[in-house]
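Peer 1: Have a look at this prediction, sequence included:
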Amino acid sequence: MNIPEIEAENGEKYSSFIFFKKGGMGEIYKGVDTGTGRDIILKLILIGTTEEKKLLETETKVSEELNHPNIAKTLKTGQIKIDGNFYLYIIQEYYSNGNMRSLIRENIPFDTCLSLMFDILSGMKEIHKVVVHRDIKPENILIGSSGHLLLTDFGLAKYIDEKTRTHSFKGYGTVPYMAPECWTGDENTVAMDIYALGLIFFEIVAGRLPSSAKTDIEWREFHLFTPLPNLASLRPGITVKFNQIIQKMTNKRPSERYKTIDDVLAAVNEAAMINVAETAEAERLAKYSGPRFSDSDLRWCLAKKRGL
């Protein structure tokens, strides 16, 4: 595809486009900001029906409206004609470190887990001022140059409280992260995103998703009916509080989840403080050099406690 140079209103020019990869809504090309020499990403989305165009314009509008350290930076959006076809396009900064999928593994230090969560929650708090994202997954969370996380891809985003069908232009979303109400075609609420974030947080801490489902039908059954495993069984030492947070975020009933991202932030902050306190106490006990109880002393204390 021969993509012409694109010029922004401020005089910035973008050119030298080469195919990068297939995206969820279209093709993605890598290009260059001719003024600075920096790499950029061009998302090309083919315009089909009038309905599709309206849905596609949602992503471009949302991308322009949101400006936050934990949201991928959009440089320009617009419409372009290439080889007789009309496309909507989004030009964003290029993040060479890839996405969060590469970070997920077993036994990530808990402090690192919390750092990742706070980045995601910070970005989501800003997003929820405008939209429900509806497609939160590790692949839509990019890694910035300093290691911080940035949310991207609002292809399924819909304005808060707008009614929606089960399907939209891009399809369901990503099945391992779809809230129960996504499967039943209910209205969009922030509870959908909170559910998906709960699964991502589970994945960050456990190193894997809570289900080994393979097909859409299996995932539907999991989301609608299967309780999450106890996180402590997969990550020994995790605090009870944090396990409770994940369970609440992923409750099958939207009304039983946290109401806002601020509520989740407050809970995760509390869990972080508990973790700090427990770590400090463990370190204090490890350094304790006073007299130690013998086995016989411990047995005597336990017997006294039981009234023997």
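Peer 2: Cool, got the structure.

Peer 1: just for the stretch 201-308 of the chain, where's the confidence low?
Peer 2: 278-308 (pLDDT under 70).

Peer 1: ditto for the stretch 1-150 of the chain
Peer 2: Checking the stretch 1-150 of the chain against pLDDT under 70 turns up 24, 52, 55, 59.

Peer 1: could you pull out the strands for it?
Peer 2: 6-7, 13-22, 27-33, 39-46, 74-82, 85-93, 131-132, 141-143, 149-151 (DSSP state E, counting those that start in this stretch).

Peer 1: got the angle between the fifth one and strand 27-33?
Peer 2: Relative orientation of strand 74-82 with respect to strand 27-33: 120 degrees, computed using axes from the mean of the first three to the mean of the last three CA atoms, to 10 degrees.

Peer 1: Name the residues of strand 74-82 that are buried.
Peer 2: By 16 or more other CB atoms under 10 Å, the buried positions in strand 74-82 come out as 74-77. Heads up, the C-betas are built off the backbone N, CA and C, glycines and all.

Peer 1: among the strands of the stretch 1-150 of the chain, which is nearest residue 226?
Peer 2: Closest to residue 226 of the strands of the stretch 1-150 of the chain, according to CB to CB: strand 131-132, at 23.9 Å.

Peer 1: Which neighbouring elements make contact with that closest one?
Peer 2: strand 158-159, helix 190-206 (3 or more CB pairs under 8 Å, 6 or more residues apart in numbering; DSSP states H and E).

Peer 1: so can I have a markdown table of those showing mean neighbour count and distance to residue 100?
Peer 2: Output for the helices and strands packed on strand 131-132, formatted as a markdown table (neighbours: other CB atoms under 10 Å; distance: least, CB to CB, whole Å):
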| stretch | mean neighbour count | distance to residue 100 |
| --- | --- | --- |
| strand 158-159 | 16 | 23 |
| helix 190-206 | 24 | 8 |
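
Peer 1: of these, which approaches residue 151 most closely?
Peer 2: Using CB to CB, the nearest of those to residue 151 is helix 190-206, at 10.2 Å.

Peer 1: How far does whichever helix or strand comes after that closest one sit from its chain's centre?
Peer 2: Following helix 190-206 in sequence order, the next helix or strand is helix 216-225 (DSSP states H and E). Put simply, helix 216-225 sits 20 Å off its chain's centre (CA atoms, centre = their mean, to the nearest Å).

Peer 1: If you count neighbours, what's buried in helix 216-225?
Peer 2: 219-220, 222-223.

Peer 1: Just the CA trace of it, in PDB.
Peer 2: The C-alpha trace of helix 216-225 is given here as PDB (Å, rounded to 0.1, in the frame of the first residue of the first chain):
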ATOM      1  CA  ASP A 216     -15.400 -19.000  23.400                       C
ATOM      2  CA  ILE A 217     -17.900 -21.400  24.900                       C
ATOM      3  CA  GLU A 218     -15.600 -22.400  27.700                       C
ATOM      4  CA  TRP A 219     -14.700 -18.800  28.500                       C
ATOM      5  CA  ARG A 220     -18.400 -17.900  28.500                       C
ATOM      6  CA  GLU A 221     -19.000 -20.600  31.100                       C
ATOM      7  CA  PHE A 222     -16.100 -19.400  33.200                       C
ATOM      8  CA  HIS A 223     -17.100 -15.800  33.200                       C
ATOM      9  CA  LEU A 224     -20.800 -16.500  33.900                       C
ATOM     10  CA  PHE A 225     -20.600 -19.300  36.400                       C
END
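
Peer 1: and it, what other elements does it pack with?
Peer 2: Counting by 3+ CB pairs under 8 Å, 6+ apart, helix 216-225 packs on helix 180-183.

Peer 1: Just the C-alphas of the helix it packs on, formatted as CSV.
Peer 2: Provided in CSV are the C-alpha atoms of helix 180-183 (Å, rounded to 0.1, in the frame of the first residue of the first chain):
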residue,chain,number,x,y,z
PRO,A,180,-20.4,-11.6,32.4
GLU,A,181,-22.6,-8.7,31.3
CYS,A,182,-20.6,-8.5,28.0
TRP,A,183,-21.9,-11.9,27.1
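
Peer 1: quick one, domains of the chain?
Peer 2: 6-93, 100-282 (automatic domain parsing).

Peer 1: Would you map the helices across the stretch 201-308 of the chain?
Peer 2: 216-225, 231-234, 240-249, 261-287, 295-305 (DSSP state H, counting those that start in this stretch).

Peer 1: sorry, back to before: and the helices and strands packed on strand 131-132: which comes nearest residue 130?
Peer 2: With CB to CB, the closest approach to residue 130 among those belongs to strand 158-159: 7.3 Å.
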